[in-house]
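Engineer: How does the following fold in three dimensions:
(one chain, ligands or ions: 1)
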Amino acid sequence: MTGTLKVGVIGLGFFGSRHARIHAEHLSAELVGVCDRDPVRAAELAATTGARAFTDFRELLALPELDAVSICLPDRLHEGAVVAAARAGKAILLEKPLAHDAATARRIVKAVETSGSRLMIGHILRFDPRYVQVFHAAAPERIGAPIHLRAKRNGVRSTARRLGDASSILFYMGVHDIDAMQWIARSRISRVYAQKVAMLGTGNEDALYAVVNFENGAIGSLDYSWAWPDGLMNGFRSALEVVGTRSATYLDCADQGFFTVEDSGTTGGDTHLWPEINGRIAGDLADELDHFINATLSGKPYLQHYREAFDAIPVLDALAESARSGLPAEVAR
Ligand SMILES: NC(=O)c1ccc[n+]([C@@H]2O[C@H](COP(=O)([O-])OP(=O)(O)OC[C@H]3O[C@@H](n4cnc5c(N)ncnc54)[C@H](O)[C@@H]3O)[C@@H](O)[C@H]2O)c1
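Structural biologist: Below is the predicted model of the structure:
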C-alpha cells in the first residue's frame, strides 16, 4: 500500500472522537468516514473533520476506497464491528481490550486470521515513553530476574458512572497494566487472587485489588480504583515498579509535572496522553495512530502482535472469577 491511508472511525465517544481528529490531522491519512449510532454525534464529527457521517458501521465498511478503521466501541461491543471489518478486508486498529472475555477474543482472532486482515490493539502504554523506558530498564541483562512487580491505576468515580455497565474496572483500566506487566516481566501471569468492593453505587466496581503469580516465579500486586473524587489531579494516578535480582525500576505518575495554581486551588494538565499542542493532538495516542498508519502503509509489522495483546484477556477472566468466588483462580491458557 502506498500514498495516503484512507481511514474510518467507528464509535465517536470519548476516545473515538480523538482517533478521528488524529487521523484527520495526519499527513499520511485521510479520514473518509465516521460512524456512531448517535446521528448527532456522527454529523458533528463529520462537520469538523470533513469526513462522511454514518450510523451503521456496515455502510462505512462498504466504502470501496476505505483501507483501515479505528474501532472505538464500548468494550463489550467490539466483536461485531471487528469481524465485519476483517471480512471487508480492512486493516483494523481496535481499542483495548481486544475483547471483554477470552471466548470472544478467540472468535475475533479467528475471524482476523481467516480473512487475512491486519489487526493492531490500542495498547497505548507501548507508546508511552515512561512505560517504554521501564520495559528497557527491566531487560534481563540489567534487572536480572524480576522478583516482584506492583501496578496501580486509579481513576475518578464520574468515569465509572459515565460508563455504567458498558465497561468494568478490568476492561477499561486493568487491561493496561496486565499487558504492561506481562510485557515488562517478559512472562505471563499464571494465577490470581482478587477482591473487589462496590459502595458508591456508580454501576461499577469501586476498587479491585489482586495478588498475581507469574510463570517465571515473580509475584505481583494490582491496585485498581474508580472511587477517587472528581477533584483528583488529571483524573487518574498510575504507578509501576519492578524489583529484580540485580536492579529495580519504577514509575510514579501521580501527576504529569504541569500545574496551574489559582485561588480556588491547583489543577494539572495532560502532558503525555493526548494533549493538544500547537493546534493538533500530540502525545502517546498520536504516536500510536502514527505507528498504525505508517506500518499499515508500509506493510511492516505492528509494534505488538495481536496474539500478545490476546494474552491479557484470560487474566481478566481469572481476576473476575477470583473476585466473584473469593478464591484464587488459575489463568486458562
Ligand atoms: N487506550 C486508552 O487509554 C483508552 C481510553 C479511553 C477509552 N478506551 C477504549 O475505547 C473504547 C471506547 O471507549 P469510550 O470511553 O470512547 O466510550 P464511549 O461510551 O465514550 O463511546 C462509545 C461510542 O460508541 C457509540 N456506539 C455504541 N454502539 C455503537 C454501534 N453499534 N455502532 C456505532 N456506534 C456505537 C456510542 O454512541 C458512543 O458514542 C473502549 O474500548 C475503551 O476501553 C481506551
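Engineer: To which secondary structure element is the residue of the chain found nearest the ligand assigned?
Structural biologist: Using Cβ to the nearest ligand atom, residue 13 is the residue of the chain that sits closest to the ligand, at 1.9 Å. (Glycine included, C-beta is placed from N, CA and C.) Per DSSP states H and E, residue 13 falls between elements, in no helix or strand.
Engineer: who's in contact with it?
Structural biologist: For residue 13, the contacting residues are 36, 41, 72, 74, by Cβ atoms under 8 Å, 6 or more residues apart in numbering.
Engineer: Please tell me the pLDDT value assigned to it.
Structural biologist: pLDDT for residue 13: 97.
Engineer: which phi and psi does it have?
Structural biologist: Dihedral pair for residue 13: phi -80, psi -140, per degrees, to the nearest 10.
Engineer: For residue 150, list each beta-bridge partner.
Structural biologist: residue 221, residue 241 (DSSP bridges).
Engineer: That one is in contact with residue 221, isn't it?
Structural biologist: Yes - using Cβ atoms under 8 Å, residue 150 is in contact with residue 221, at 5.0 Å.
Engineer: just to revisit the earlier point, return the subset of the contacts of residue 13 lying in helices.
Structural biologist: residue 41 (DSSP state H).
Engineer: Also near the ligand: which of the contacts of residue 13, exactly?
Structural biologist: 36, 41, 72, 74 (Cβ under 6 Å from any ligand atom).
Engineer: Which positions in the protein make contact with the ligand?
Structural biologist: Within the chain, the positions near the ligand by Cβ under 6 Å from any ligand atom are 10-16, 35-38, 41, 57, 72-75, 77, 95-96, 122, 124, 172.
Engineer: let's see it at 5 Å
Structural biologist: 11, 13-15, 36-38, 72-73, 75, 95, 124 (Cβ under 5 Å from any ligand atom).
Engineer: Which entries within those meet the buried criterion?
Structural biologist: 11, 13, 15, 36, 72-73, 75, 95, 124 (16 or more other Cβ atoms under 10 Å).
Engineer: got JSON lines for those residues, with distance to residue 248 too?
Structural biologist: Converted to JSON lines, these look like this (distance: Cβ to Cβ, whole Å):
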{"residue": "11", "distance to residue 248": "39"}
{"residue": "13", "distance to residue 248": "39"}
{"residue": "15", "distance to residue 248": "33"}
{"residue": "36", "distance to residue 248": "45"}
{"residue": "72", "distance to residue 248": "36"}
{"residue": "73", "distance to residue 248": "39"}
{"residue": "75", "distance to residue 248": "33"}
{"residue": "95", "distance to residue 248": "32"}
{"residue": "124", "distance to residue 248": "24"}
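Engineer: Tell me who's in contact with residue 291.
Structural biologist: Contacts of residue 291 were listed using Cβ under 8 Å, 6+ apart, and they are 127, 302-303.
Engineer: Is it in a helix, a strand, or coil?
Structural biologist: Following DSSP: H, G, I helix; E, B strand; the rest coil, residue 291 is assigned to helix.
Engineer: can you check residue 227 too?
Structural biologist: Under three-state DSSP, residue 227 comes out as strand.
Engineer: Please enumerate residues in contact with the worst-scoring helix or strand of the chain on mean pLDDT?
Structural biologist: Counting by mean pLDDT, DSSP states H and E, the weakest-scoring helix or strand in the chain turns out to be strand 265-268, with a mean of 92. Strand 265-268 is contacted by residues 231, 233-234, 255-256, 258-260 when judged by Cβ under 8 Å, 6+ apart.
Engineer: cutoff 7 Å now
Structural biologist: Residues outside strand 265-268 that contact it (Cβ atoms under 7 Å, 6 or more residues apart in numbering): 233-234, 255-256, 258-260.
Engineer: Direction included, what does it pair up with?
Structural biologist: strand 259-262 (antiparallel).
Engineer: re earlier: closest to residue 317 out of the residues of the chain next to the ligand?
Structural biologist: Set against residue 317, the nearest of the residues of the chain next to the ligand by Cβ to Cβ is residue 75 (13.5 Å).
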